[in-house]
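**Student:** Quick one, structure for this:
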Amino acid sequence: MTAATVQRAQESFQVIGVAVEAVNERVGHIVDVVARIASDTERIGVDMSEIGAVAEQSSSAAEQVSATTQETSASAHDIVSSARELSQTAGRLEKLAAQFTL
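**Tutor:** The predicted structure is shown next:
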């Protein structure tokens, strides 16, 4: 081997070394990005669970409101029915009272 060949080999190894360092730097950057993505993904999962819980609570509350509305409606119908019966009873009582004279 000549001195020129050794010089070229040394220069080639230096170029290869610089390229390896650049690749290592890029890989480090990729690792950082992947770690952030993993962290964000975990946070999104937690947020989605919380959203699901809130949606479930809202659904439960809506069901309770619906049930209460139905109960109120049924009570209103009962009141109307009772008022009709009371009116009919008052009419019969008025007729009976009219039969008596003082």
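**Student:** so Thr101, which of the three states?
**Tutor:** When classified by DSSP: H, G, I helix; E, B strand; the rest coil, Thr101 comes out as coil.
**Student:** what's the offset of whichever strand or helix holds Ala74 from the middle of its chain?
**Tutor:** Using DSSP states H and E, Ala74 falls within helix 3-99. Computed by C-alpha atoms, centre = their mean, to the nearest Å, the chain-centroid distance of helix 3-99 equals 1 Å.
**Student:** Need the mean per-residue confidence for it.
**Tutor:** For helix 3-99, mean pLDDT rounds to 93.
**Student:** Could you number the chain from 22 rather than 1 from now on?
**Tutor:** In the new count, where the first residue is 22, that last one comes out as helix 24-120.
**Student:** counting contacts, what elements does it pack onto?
**Tutor:** Packing partners of helix 24-120 (3 or more C-beta pairs under 8 Å, 6 or more residues apart in numbering; DSSP states H and E): none among the helices and strands. Heads up, the C-betas are built off the backbone N, CA and C, glycines and all.
**Student:** List of residues touching stretch 31-48?
**Tutor:** Residues from elsewhere that reach stretch 31-48 (C-beta atoms under 8 Å, 6 or more residues apart in numbering): none.
**Student:** Buried residues in it, which are they?
**Tutor:** Within stretch 31-48, no residue is scored as buried using 16 or more other C-beta atoms under 10 Å.
**Student:** For it, C-alpha coordinates in CSV please.
**Tutor:** The C-alpha trace of stretch 31-48 is given here as CSV (Å, rounded to 0.1, in the frame of the first residue of the first chain):
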residue,chain,number,x,y,z
GLN,A,31,-8.3,7.4,6.1
GLU,A,32,-10.4,10.1,4.4
SER,A,33,-13.0,7.5,3.5
PHE,A,34,-13.2,6.3,7.1
GLN,A,35,-13.6,9.9,8.3
VAL,A,36,-16.4,10.4,5.8
ILE,A,37,-18.0,7.2,7.0
GLY,A,38,-17.6,8.3,10.6
VAL,A,39,-19.3,11.6,10.0
ALA,A,40,-22.1,9.8,8.2
VAL,A,41,-22.6,7.4,11.1
GLU,A,42,-22.7,10.3,13.5
ALA,A,43,-25.4,12.0,11.4
VAL,A,44,-27.4,8.8,11.3
ASN,A,45,-27.1,8.4,15.0
GLU,A,46,-28.3,12.0,15.5
ARG,A,47,-31.3,11.4,13.2
VAL,A,48,-32.1,8.1,15.0
